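**Student:** pasting the structure only:
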């Protein structure tokens, strides 16, 4: 086993410096010696065999179970090396990739009942967990770093401002927020633009907090949150926004999603979709992520999204690609989580904390080292709804900044705090 492990890892790892200690005590180093050296140890032969057979699934499991230990550096350092190689996967994984690609539609068959179950798996966890690492407004999506030294809270506020500017909301506009989370974006739009906001979520935990926050801010008349599937909400709406939800729709339902949005959107309405995306074409969801973090989830390539938009009769008026913004967001989340890691252990257990440590590190490195990005698509049903140039975005952001300062933008107290 030692020789096989050394052979496979030695051929795969061509960059960086990582030293392995096997379960039998053998040591070997892979890479070209560049960067900070990292040292890891396998504690069982079983872990070695499983990682060789399916590294995307079993490396994370071995880390969670304590049979793969990082002795020098962090799991983020390890994944930065592994995910920064010229080849995405060892050759042994290519057949597994094709098999998973063939069945991905079945795995993402997110009918109503299954969608709610999948959402509950991740978003109905103890709310205190998310308070360990998110910003004060509980924005659980890519922040917008207008400057490299921005704090996470400022970057998340900038994200909401950036989205609002592209939506061109007028006072009294009916706004639908699909996948409204803990309500932060919906409350911002109601307060800063005078919109009448309806948010829909499938998470009971998020629903309770979002409505509690609306009441605390005296915005319950202009911002309401419902436990409802996007396929069932009645319209019409002047504006539709969806942030961080499209990743849960599933490839088989892209046409359903955009056709429903087109039905809900008024004739002169504007829709803004913010989603994680792939830069290199269709792919599959990591086996580990699918099993432990986001069952039924999938990150789309634009080539998979655009045909569904066209079939729905929607026009793409603007597209923006956010490249490393999510890498910086995830770095901030990971550092915050690690600073309060013991609290996560007390909420759940050590294995759960290791799982989240791996999740945040792997997600960050997928944006920093591989082909992940975020895209924002501005959609309408006809020409001439939005200005011809993008100058209005900067002007609207400046106007919103003034309103934020006048409003004071106090920290929202979360229900239960």
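**Tutor:** All right, it came through fine. What you see is a predicted model; the values in this text were computed from it and never measured.

**Student:** what's across from residue 237 in the sheet?
**Tutor:** Residue 237 has the following beta-bridge partners by DSSP bridges: residue 265.

**Student:** State whether it and residue 174 are indeed in contact, as I suppose.
**Tutor:** Yes. Residue 237 lies in contact with residue 174 (C-beta atoms under 8 Å); the separation is 4.7 Å. Using the backbone N, CA and C atoms, a C-beta is placed for each residue, glycine as well.

**Student:** and for the two, which residues touch both?
**Tutor:** In terms of C-beta atoms under 8 Å, 6 or more residues apart in numbering, residue 237 and residue 174 are both contacted by the residues residue 198.

**Student:** For these two, indicate the residue with more neighbours.
**Tutor:** residue 237 (25 against 18; other C-beta atoms under 10 Å).

**Student:** Stretch 10-24: how far from the chain's middle?
**Tutor:** In terms of C-alpha atoms, centre = their mean, to the nearest Å, the centre of stretch 10-24 is found 30 Å from the chain centre.

**Student:** I meant stretch 374-392, not that one.
**Tutor:** Worked out by C-alpha atoms, centre = their mean, stretch 374-392 lies 24 Å from the chain centre.

**Student:** And it, what's buried?
**Tutor:** Applying a neighbour-count criterion of 16 or more other C-beta atoms under 10 Å, the buried positions in stretch 374-392 are 374, 375, 376, 377, 378, 379, 380, 381, 385, 386.

**Student:** taking these one by one, which sit in helices?
**Tutor:** Using DSSP state H, the subset of the buried residues of stretch 374-392 located in helices is empty.

**Student:** Same list, those residues, but as TSV with pLDDT and distance to residue 345 please.
**Tutor:** As requested, those are exported to TSV (pLDDT from 0 to 100; distance: C-beta to C-beta, whole Å):
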residue	pLDDT	distance to residue 345
374	98	31
375	98	36
376	98	37
377	98	40
378	98	43
379	98	44
380	98	48
381	97	50
385	96	51
386	97	48
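
**Student:** Quick check: the farthest pair among those residues?
**Tutor:** For these, with distances taken as C-beta to C-beta, the pair at the greatest spread is 374 and 381 (24.2 Å).

**Student:** what about the nearest residue to residue 68 once chain neighbours are set aside, neighbour count?
**Tutor:** Of all residues not flanking residue 68 in the chain, residue 62 sits nearest, at 3.6 Å (C-beta to C-beta, 6 or more residues apart in numbering). Per other C-beta under 10 Å, the neighbour tally for residue 62 reads 22.

**Student:** C-terminal to the helix or strand harbouring residue 62, what's the next element?
**Tutor:** Assessed by DSSP states H and E, residue 62 sits inside helix 55-65. Of the helices and strands lying after helix 55-65 in sequence (DSSP H and E), the nearest is strand 68-72.

**Student:** List the buried residues of that following strand.
**Tutor:** Buried-residue list, strand 68-72, by 16+ other C-beta under 10 Å: 68, 70.

**Student:** Quick one: mean pLDDT for the helix or strand just after it?
**Tutor:** Next in sequence after strand 68-72, counting helices and strands by DSSP H and E, comes helix 75-82. Confidence for helix 75-82, expressed as mean pLDDT, is 97.

**Student:** which strands and helices sit next to helix 75-82?
**Tutor:** Helix 75-82 sits against strand 17-21, strand 38-42, helix 350-369, with contacts defined as 3 or more C-beta pairs under 8 Å, 6 or more residues apart in numbering; DSSP states H and E.

**Student:** Each with direction, which strands does the first one pair with?
**Tutor:** Paired neighbours of strand 17-21 in the sheet (DSSP bridges): strand 27-31 (antiparallel), strand 38-42 (parallel).

**Student:** as a whole number, average confidence for the first one?
**Tutor:** Per-region confidence: strand 27-31 scores 96 on mean pLDDT.

**Student:** still on that earlier bit, would you mind finding the most buried of the strands paired with strand 17-21?
**Tutor:** Most buried of the strands paired with strand 17-21, by mean neighbour count (mean count of other C-beta atoms under 10 Å): strand 38-42, with a mean of 21.

**Student:** Which positions in the helix or strand that that strand is followed by come out as buried?
**Tutor:** With elements assigned by DSSP H and E, the helix or strand that comes after strand 38-42 is helix 45-53. Across helix 45-53, burial judged by 16+ other C-beta under 10 Å covers 47, 48, 50, 51, 52.

**Student:** Helix 45-53 versus helix 55-65: what angle between them?
**Tutor:** 150 degrees (axes from the mean of the first three to the mean of the last three C-alpha atoms, to 10 degrees).

**Student:** for the most centrally placed residue in the chain, what are its contacts?
**Tutor:** Using C-alpha atoms, centre = their mean, the residue of the chain that lies closest to the mean C-alpha position is residue 141, 5.4 Å off. Taking C-beta under 8 Å, 6+ apart, we find residue 141 in contact with 159, 181, 243, 244, 274.

**Student:** any idea how far residue 355 is from it?
**Tutor:** Per C-beta to C-beta, to the nearest Å, residue 141 is found 20 Å from residue 355.

**Student:** rewinding a little: make sure the residue nearest to the centre of the chain is indeed in a strand.
**Tutor:** No. Under the criterion used here (DSSP: H, G, I helix; E, B strand; the rest coil), residue 141 is coil, not part of a strand.

**Student:** where does the stretch 51-200 of the chain dip in pLDDT?
**Tutor:** 87-116, 118-124 (pLDDT under 70).

**Student:** how many other residues sit next to residue 78?
**Tutor:** Neighbours around residue 78, by other C-beta under 10 Å: 24.
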